[in-house]
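Student: After the sequence you'll find the predicted model.
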Amino acid sequence: MAEPKKTCELFDCGHRACGGCGAALAARLVTQAAGTNTIVVNSTGCMEVFSTPYPETAWKVPWIHSLFENAAAVASGIDAALKKQGRNEKIVIMAGDGATFDIGMICISGAFERGHDFTYICYDNEAYMNTGIQRSGATPYDASTTTSPAGKCSFGNKRPKKDMPAILAAHGAPYVATASVAYPADLKQKVEKAINTPGPCYVQVHAPCCTGWGFEGEQTIAIAKLALETGLWVNFEMVDGKVSKVRKVVRKPVEEYLKTQKRFRHLFKPSRQDAEIAAIQAIADRNAEKYGIDIKLKKE
Amino acid sequence: MMEITEGSHAVAEAVRLCRPQVVSAYPITPQTHIVEALADFVANGMLDAEYITVENELSALSACVGASAAGSRAYSATTSQGLMLMAEVVFNASGMRLPIVMSIANRAMGAPLSIWNDMQDSISLRDAGWLHFYAEDNQEATDLHFLAYKVAEDPAVQLPAFVCFDGFILSHTYEPVDMLTQADVDKYLPKFNPSEKLDASDPMSFGMYATPEYYLEFRYEMDQALKRAKGVIAKAGKEFGSLFGRDYSALIETYRLEDAETAIVAMGSVCGTVKDAIDEMRAEGMKVGLLRIRVFRPFPAEEIVKGLSHVKRIAVLDKNVSLGSRGGATAIEVRDAMYGSTIPVKGYILGLGGRDIRKKDIKEIVTLCERGIGDQFYGLRRELI
């Protein structure tokens, strides 16, 4: 019998994610940063389903999935148990944006308020992908999903993204950050920082979904980069509620990001929707203003 | 040592003696005195546990799931609306085979809102794969917690357990209770040492999803474990009896049933009233007896058939109703157990939402049963309908 191929990945090969899945990449990078002394708590969602079809698992660290909404509460119980047993494993929650922004909000609020020691990673692919691309509180303005479809009377999702990092910073989280799968070194550094900061920390990872957003799998990184370059996603760190570090960019028009994805196609075809594109540009402009991401080029 | 104590405080003391490492609690009437007492124990160094003040019941049981999976003995308590809010986790905890023990101070389900006692809450979750213990008095409400942990954590069972006792009627009533000492409990209940847990030195995946090729067998294994629990209860209940003098090896209790012509079947605190009514009816020459169900899951069908085979008629009291069906859960299940027998089984739904059940009601029900009248709500105020 051949020896199984040895790898050093803690989120290993064999899972069922789509080629180019941003969330699977996030899982690999997060576990690389977290290391072996980690317990992962996974909410229900794409990641849980593609990684653990019984009797197979892609996880080489202890892993638990309970329900959709309760990962933060399960982690609270693990934290209490580890304390009582005198153990030192680090707890990392991996939850999608639906589990985080919507259904898990109460459990998250309770757990952050109580100040448990864990790192909450939200892999944000901006909709409920596991159930077939329905809108969540993380879905961007005008994105077409199966429950916010673009149509004769609709330009897609009517509301901008909920500001989850600010909500958790308001809970007194000592470390809150955003990251992107397009910048792995930055992502891993932030995960390490969160894990080594006592108390409840939050890292929201932009994780493009080729199936849900409508692009070819090999474009994942390029699209994730464009999100940052247009100002529609901002990578920052907040320490004790104050923004301490921001990735600056020479901004491109949002159109360059929007036109790469089918979820925004209705803004360009059959006719160009200038007012809607301008509204999205205004969101990027506000992000740029709020976080100060624009690199000012010196005039000759 | 005998103490006069409130039911909730006796239960809290029993829980303390079980040495849970994680207590996850949320207040709800009439359960609140238990978690208040436990908080007090922790605050005064009398219980060495992490006490998690969660934001709702769903999180209360979810935290127990995490703690138990990480290898700690976990405890919570709730009732009624709180139990229903955690219902999703109730199924999850048993499916993951986590031996959490949870006290239920039984209370009616709203709407209309009622804080008073019946058993609709826990009975509505009878299919969730938990052990169901029902106490008659505060002594039993106390003792059943030791038994519950012992049975739930047995490798042959590995399922969570409800210890149910009637809200207010037991939870807020002062009764003499013979309380075990810490040394007693330590002798009876070994440390929780699960064979599998979340542990970085031995990584395992818990709570994976199962395709149709695997799911059915998971449910079968749970059903088998609950059935095996009968033997485990018999052994653990007998050991309790030999150590402390109160034998809980039987899933049922009988009272003056040997020569009875009419058998009453019931659960919980109403059985005290039933026993008094039986004594009075016996004094009048009526041959009435009681079969009390102490363990509802695993359901003691064989024990019920054996216990009732000689009677002429059976009156089943239910403080719950399976609306739109043929009665309350106990009557339906007793009738199912007695299938093939010619002994008539009549069900009576009574006491819902805290309506008093008096000795004269029990006597009236026996009379109705003798006349073949039953399978109905008892004690309705006709002027309100």
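Tutor: Arrived safely. Residues are numbered from 1 along each chain as shown, chains lettered A, B, ... in the order given.

Student: Return the residues in contact with residue 102.
Tutor: Went with chain A since none was named. A:136-137 (C-beta atoms under 8 Å, 6 or more residues apart in numbering or on different chains). The C-beta positions use only the backbone N, C-alpha and C, and glycine is treated the same way.

Student: hm, I was asking about chain B
Tutor: B:61, B:64, B:75-78, B:160-163.

Student: any idea which of these is closest to residue B:232?
Tutor: residue B:161 (11.3 Å; C-beta to C-beta).

Student: picking up where we left off before, in strands only, show me the contacts of residue B:102.
Tutor: Using DSSP state E, the subset of the contacts of residue B:102 located in strands is B:75-78, B:161-163.

Student: JSON lines please, covering the contacts of residue B:102 and showing neighbour count and pLDDT.
Tutor: Below are the contacts of residue B:102 laid out as JSON lines (neighbours: other C-beta atoms under 10 Å in any protein chain shown; pLDDT from 0 to 100):
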{"residue": "B:61", "neighbour count": "34", "pLDDT": "98"}
{"residue": "B:64", "neighbour count": "35", "pLDDT": "98"}
{"residue": "B:75", "neighbour count": "29", "pLDDT": "98"}
{"residue": "B:76", "neighbour count": "33", "pLDDT": "98"}
{"residue": "B:77", "neighbour count": "31", "pLDDT": "98"}
{"residue": "B:78", "neighbour count": "29", "pLDDT": "98"}
{"residue": "B:160", "neighbour count": "28", "pLDDT": "99"}
{"residue": "B:161", "neighbour count": "28", "pLDDT": "99"}
{"residue": "B:162", "neighbour count": "27", "pLDDT": "98"}
{"residue": "B:163", "neighbour count": "29", "pLDDT": "98"}
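
Student: hang on, residue B:325 packs against residue B:332?
Tutor: Yes: the pair residue B:325 / residue B:332 is scored as a contact, 6.6 Å apart, by C-beta atoms under 8 Å.

Student: quick one: which of those two has more around it?
Tutor: Each of residue B:325 and residue B:332 has its neighbours counted (other C-beta atoms under 10 Å in any protein chain shown); residue B:332 has more, 17 against 10.

Student: And the more buried one, how far from chain A?
Tutor: Distance, residue B:332 to chain A, using C-beta to the nearest C-beta, to the nearest Å: 30 Å.

Student: same question, residue B:72
Tutor: For residue B:72, the distance to chain A - C-beta to the nearest C-beta - is 4 Å.

Student: sorry, back to before: what is the nearest of the contacts of residue B:102 to chain A?
Tutor: For the contacts of residue B:102, the residue nearest chain A by C-beta to the nearest C-beta is residue B:64; the value is 5.9 Å.

Student: you'd agree the closest one is up against residue B:75?
Tutor: Yes: using C-beta under 8 Å, residue B:64 is in contact with residue B:75, at 7.2 Å.

Student: any common contacting residues for those two?
Tutor: Both residue B:64 and residue B:75 are contacted by B:22, B:24, B:100, B:102, under the criterion C-beta under 8 Å, 6+ apart.

Student: now the stretch of helix or strand residue B:336 belongs to, how far from the centre of its chain.
Tutor: Assigned by DSSP states H and E, residue B:336 belongs to helix B:329-337. Mean-position distance between helix B:329-337 and its chain equals 17 Å (C-alpha atoms, centre = their mean, to the nearest Å).

Student: what about that helix, average pLDDT?
Tutor: For helix B:329-337, mean pLDDT is 98.

Student: what packs against that helix?
Tutor: strand B:262-266, helix B:301-308, strand B:313-318, strand B:345-349 (3 or more C-beta pairs under 8 Å, 6 or more residues apart in numbering or on different chains; DSSP states H and E).

Student: What lies in contact with it?
Tutor: Contact with helix B:329-337 is made by B:123, B:126, B:265-267, B:293, B:296, B:299, B:301-302, B:304-305, B:314, B:316-318, B:320, B:322, B:325-326, B:345-348, B:375, as judged by C-beta under 8 Å, 6+ apart.

Student: Using ChimeraX, make a named selection holding only the buried ones among those residues.
Tutor: In ChimeraX, the members of those classed as buried (16 or more other C-beta atoms under 10 Å in any protein chain shown) are selected with the following command:
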select /B:123,126,265,266,267,293,296,299,304,305,314,316,317,318,320,322,345,346,347,348,375
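
Student: circling back to that earlier point, ok, of the ones in strands among the contacts of residue B:102, which one's closest to residue B:144?
Tutor: The nearest one, if we look at the ones in strands among the contacts of residue B:102 relative to residue B:144 and count by C-beta to C-beta, is residue B:163, at 4.8 Å.

Student: contacting residues for that closest one?
Tutor: B:11, B:101-104, B:133, B:135, B:141, B:144-145, B:148.

Student: A helix includes residue B:175, no?
Tutor: No: applying DSSP: H, G, I helix; E, B strand; the rest coil, one finds residue B:175 to be strand, outside a helix.

Student: Look up which residues are beta-bridged to it.
Tutor: Counting by DSSP bridges, residue B:175 is bridged to residue B:5.

Student: hang on, it packs against residue B:3?
Tutor: No: assessed by C-beta under 8 Å, residue B:175 is found out of contact with residue B:3, at 9.6 Å.

Student: Just the helices from the stretch 1-150 of chain A, written as ranges.
Tutor: Using DSSP state H, counting those that start in this stretch, the helices of the stretch 1-150 of chain A run over residues A:22-34, A:46-51, A:71-85, A:97, A:105-114.

Student: so which helix or strand takes in the residue in the stretch 201-300 of chain A that chain B sits nearest to?
Tutor: Here the stretch 201-300 of chain A gets closest to chain B at one residue, residue A:202, 17.2 Å apart by C-beta to the nearest C-beta. Taking DSSP H and E as the criterion, residue A:202 maps to strand A:200-206.

Student: Any idea how far that strand is from the middle of the chain?
Tutor: Computed by C-alpha atoms, centre = their mean, the chain-centroid distance of strand A:200-206 equals 7 Å.

Student: ok, and what's touching the following helix or strand past that strand?
Tutor: Using DSSP H and E, the helix or strand that follows strand A:200-206 towards the C-terminus is helix A:210-213. Residues from elsewhere that reach helix A:210-213 (C-beta under 8 Å, 6+ apart): A:18-22, A:125-127, A:129, A:133, A:143, A:145, A:216-217, A:219-220, A:223, A:261-263.
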